[in-house]
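Asker: Here is my input, please return the structure:
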Amino acid sequence: MATDAPVTVLGAGIVGICTALSLAERGVPVRLVDRGDPGQETSYGNAGVISPWSVIPQSMPGLWRQVPRLMWGHHRPLGVRLGFWPRMIPWGLRFLANGSEARVREVADAMSVLCAPSVDLYRRHLSGTGHEGLLVDSSYVHAFRESSRATLDALDARIRMEKGARLEIIGADELRRLEPALSPRFEAALLIHGQARALAPGRIATVLTDKARGMGVEVIRSETRALVRSGEGWRITCADGTYDAPRVVVSMGAWSMRLLAPLGLRLPLVAERGYHVEFADPGITLANSVTDTDAKFVASSMEGGLRVAGQAEFGHVDAPPDPRKHARLIRLAQEALPGLDTARPTLWMGRRPSFPDSLPVLGAVPGLPGLHVNFGHSHYGLMMAPKSGEILAEILTGTTPNAPLAPYRADRFDRAARASWTS
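Answerer: Predicted coordinates for the structure are as follows:
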């Protein structure tokens, strides 16, 4: 198929937006379709961390021992909806199987390909928009209540340093000087330098969408309901009508499998739901993004106030939010940030599209000409989005990406899968 043929990107989260931008930069006509305003669903609510060093997968050695504490301890960052357990058990076993050190290192290598250039690529995308200040330099503060847990000998720290990250351990006094709003109960911190943070993830998505429009990208607000083969191309059924496209990218996050399952694709994607609480007048400010390593949330000062984002809740993609999660986040935020004014909180819930190995699926689907995928970025969508978009744009314009793509193949889950995915 001609490498300059038009491309329709289904899904206008930050991954779809970056894919559209990278294609438009290469002169490819692009149509971007989403049921809502671009970047205002899952992409909107993240913690804003943009890190070249977020290369550590969610499944780590020994994690299985921590599951009871994570689900029923004081902080309870992990939850499973009652009706989701039949799907959770097989997915969870696959997830835990990725927790050996050898496998963690393999996944970290693949994550590094997507995360390493994230700051530079966002700066390139924001250049010339007049909103370059939405991205600011930052460190990532991993705060510990027990100083003995802040160490450079842990596997995650060693992997980051091997890949070039500059890490630093600081004690309570230095932590207080760096982030005075933190509770004195935090005895130490691991600092990850050389990162950035988004002051408004949703506004970055809006700015980049406006830039894409200025480059000729057609943005359509309509719900995508079906995708079927039509002649040598594809027919997309939307709420407002049908569209024909020679080439399609499915980038609909946690909803992607609704389109792909009827085509015979079976992938272990789940909606890992995350929550945030944002305080418009917090009374305190954080200079960096801060992770409470016990409660597993990230706190960051943003344009709209101070955002506390966390919780991993597994449930059906369309299940309503659990109000107890927001109440718990408010309580945990007060414990970690004693001076925080929690009046008038804004509550939010989104769905992370997660595979058991923390990696997305990315590339073409052989046997289904013109169909490509770019979804499943788990907790790392904001960081992986620009490089994922670059790689897919290279594939679609006939350029061989300078990266091994085998780790992102969908048949990594099932070698007998119907589709034979190429690297």
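Asker: Quick one: end-to-end length of stretch 243-252, please.
Answerer: 17 Å (Cα to Cα, to the nearest Å).
Asker: In contact with the residue nearest to Pro117 when sequence neighbours are not counted, which residues?
Answerer: Closest residue to Pro117 apart from its sequence neighbours, by Cβ to Cβ, 6 or more residues apart in numbering: Lys387 at 5.4 Å. Every C-beta, even on glycine, is put in place using the N, C-alpha and C of the backbone. Taking Cβ atoms under 8 Å, 6 or more residues apart in numbering as the criterion, Lys387 is in contact with 113-118, 121.
Asker: Can you tell me which of these has the largest number of neighbours?
Answerer: The member of the contacts of Lys387 that has the most neighbours, counting by other Cβ atoms under 10 Å, is Leu114 with 26 neighbours.
Asker: That residue against Gly389, yeah?
Answerer: No - the pair Leu114 / Gly389 is not scored as a contact, 10.2 Å apart, by Cβ atoms under 8 Å.
Asker: which residues touch the one helix or strand Ala102 maps to?
Answerer: Element membership for Ala102 (DSSP states H and E) is helix 101-115. For helix 101-115, the surrounding residues in contact (Cβ under 8 Å, 6+ apart) are 51-57, 59-61, 97-98, 155, 159, 163, 357-360, 380, 383-384, 387-388, 391, 403-404, 407-408.
Asker: Could you export that helix as PDB, CA atoms only?
Answerer: Output of helix 101-115 as PDB, limited to C-alpha atoms (Å, rounded to 0.1, in the frame of the first residue of the first chain):
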ATOM      1  CA  GLU A 101      14.500 -10.600  37.400                       C
ATOM      2  CA  ALA A 102      15.400 -11.800  33.900                       C
ATOM      3  CA  ARG A 103      12.000 -11.000  32.600                       C
ATOM      4  CA  VAL A 104      11.900  -7.600  34.300                       C
ATOM      5  CA  ARG A 105      15.200  -6.700  32.600                       C
ATOM      6  CA  GLU A 106      13.800  -7.700  29.200                       C
ATOM      7  CA  VAL A 107      10.700  -5.600  29.700                       C
ATOM      8  CA  ALA A 108      12.700  -2.700  31.100                       C
ATOM      9  CA  ASP A 109      14.800  -2.700  27.800                       C
ATOM     10  CA  ALA A 110      11.600  -2.400  25.800                       C
ATOM     11  CA  MET A 111      10.100   0.200  28.000                       C
ATOM     12  CA  SER A 112      13.300   2.300  27.700                       C
ATOM     13  CA  VAL A 113      12.900   2.400  23.900                       C
ATOM     14  CA  LEU A 114       9.600   4.200  24.400                       C
ATOM     15  CA  CYS A 115      10.300   6.300  27.500                       C
END
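Asker: Can you give me the buried ones in that helix?
Answerer: Using 16 or more other Cβ atoms under 10 Å as the test for burial, helix 101-115 gives 103-104, 106-108, 110-115.
Asker: can you give me the mean pLDDT across it?
Answerer: Across helix 101-115, pLDDT averages out at 98.
Asker: CA atoms only: put the next helix or strand after that helix into PDB for me.
Answerer: Tracing the chain past helix 101-115, the next element assigned as helix or strand by DSSP H and E is helix 118-126. Extracted C-alpha coordinates of helix 118-126, given in PDB (Å, rounded to 0.1, in the frame of the first residue of the first chain):
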ATOM      1  CA  SER A 118       9.800  11.400  26.000                       C
ATOM      2  CA  VAL A 119      10.900  14.800  27.300                       C
ATOM      3  CA  ASP A 120      12.700  15.700  24.100                       C
ATOM      4  CA  LEU A 121       9.800  14.600  21.900                       C
ATOM      5  CA  TYR A 122       7.200  16.500  24.000                       C
ATOM      6  CA  ARG A 123       9.400  19.600  23.700                       C
ATOM      7  CA  ARG A 124       9.500  19.200  20.000                       C
ATOM      8  CA  HIS A 125       5.700  18.800  19.700                       C
ATOM      9  CA  LEU A 126       5.100  21.800  22.000                       C
END
